[in-house]
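Undergrad: Provided below are the primary sequence and the corresponding predicted coordinates.
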Amino acid sequence: MNHSIRLALLACGFAVATTVSAETVRMQRSTPYADSSHVARKIRKECTDYQEKFSAYAEEFGRKMGVDIQRVDQVDPSDGGAVLVVEITEAVSQGNAFIGHRKFSEIEGTLYRDGEKVASFVGARNSMGGAFAGYKGSCSVLGRTAKALGKDIAEWLTSPEDGDELGDY
């Protein structure tokens with residue numbers, strides 16, 4: 001076999017190894033706050049479904065993009081198959097419907113396959129509430145950032161690259 005054919009086969013194998021669209025990716029149902037996270041107590045207390053939105057939206061958008069994301073109670077990178085570990089590193093909820101919303105979410109994620117790191121990312125999204133923001137609550141607007149990041153995660157899983165910056169980065 002000549003050298004160029006070997007290189008082409010190797011490149012093909014690498015591309016297959018980094019795509020996850022043909023396999024199920026397990027992701028924790030409730031995205032935990034990182035130990036070093038900067039998240040106000042009011043967000044943790046009042047936005048009760050915020051942590052679940054990341055995986056729910058990743059699963060929803062994943063279906064549309066051909067990525068099978070399975071939401072599970074716990075993930076462990078050493079588990080077999082594809083495992084995506086995501087943590088919330090920062091969340092900011094400033095403003096309100098009367099003076100204007102200023103919301104921000106930041107996450108970090110690492111994809112593992114059979115316990116070995118494949119790739120990682122950081123992602124962030126900002127929102128001022130969009131249309132009719134004056135009629136939306138703070139947690140609802142913060143949820144918009146989780147929705148956008150869920151879509152970013154699903155898209156990233158179609159072709160994960162180590163060190164990627166998703167969303168507003």
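TA: Arrived safely. Residues are numbered from 1 along each chain as shown.
Undergrad: contacting residues for the spatially most central residue of the chain?
TA: Residue closest to the average C-alpha location in the chain (Cα atoms, centre = their mean): residue 153, at 3.9 Å. Residues near residue 153 by Cβ atoms under 8 Å, 6 or more residues apart in numbering: 27, 54, 57, 58, 61, 62, 84, 86, 109, 123, 166. Bear in mind the C-beta positions are built from the backbone N, C-alpha and C, glycine included.
Undergrad: next: residue 57.
TA: By Cβ under 8 Å, 6+ apart, the neighbours of residue 57 are 146, 147, 149, 150, 151, 153, 154.
Undergrad: ok, of those, which one's closest to residue 160?
TA: For the contacts of residue 57, the residue nearest residue 160 by Cβ to Cβ is residue 153; the value is 9.8 Å.
Undergrad: element containing the closest one?
TA: Applying DSSP states H and E as the criterion places residue 153 in helix 138-158.
Undergrad: list the buried residues in that helix.
TA: 138-157 (16 or more other Cβ atoms under 10 Å).
Undergrad: quick one: find the helix or strand in the chain with the lowest mean pLDDT.
TA: helix 3-18 (a mean of 41; mean pLDDT, DSSP states H and E).
Undergrad: ok, back up a step: let me see the mean pLDDT of the helix holding residue 153.
TA: Confidence for helix 138-158, expressed as mean pLDDT, is 94.
Undergrad: could I have it exported to CSV, CA atoms only?
TA: What follows is helix 138-158, C-alpha atoms only, in CSV (Å, rounded to 0.1, in the frame of the first residue of the first chain):
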residue,chain,number,x,y,z
SER,A,138,-35.4,36.5,35.2
CYS,A,139,-35.3,32.7,35.3
SER,A,140,-37.1,32.5,32.0
VAL,A,141,-34.5,34.8,30.4
LEU,A,142,-31.6,32.9,32.0
GLY,A,143,-33.3,29.8,30.5
ARG,A,144,-32.8,31.3,27.1
THR,A,145,-29.1,31.1,27.6
ALA,A,146,-29.4,27.5,28.5
LYS,A,147,-31.4,26.8,25.4
ALA,A,148,-28.8,28.4,23.2
LEU,A,149,-26.0,26.5,24.9
GLY,A,150,-28.0,23.3,24.5
LYS,A,151,-28.1,23.9,20.8
ASP,A,152,-24.4,24.8,20.8
ILE,A,153,-23.6,21.5,22.6
ALA,A,154,-25.6,19.4,20.1
GLU,A,155,-23.9,21.2,17.2
TRP,A,156,-20.4,20.7,18.8
LEU,A,157,-21.1,17.0,19.2
THR,A,158,-21.5,16.6,15.4
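Undergrad: done for today, thanks.
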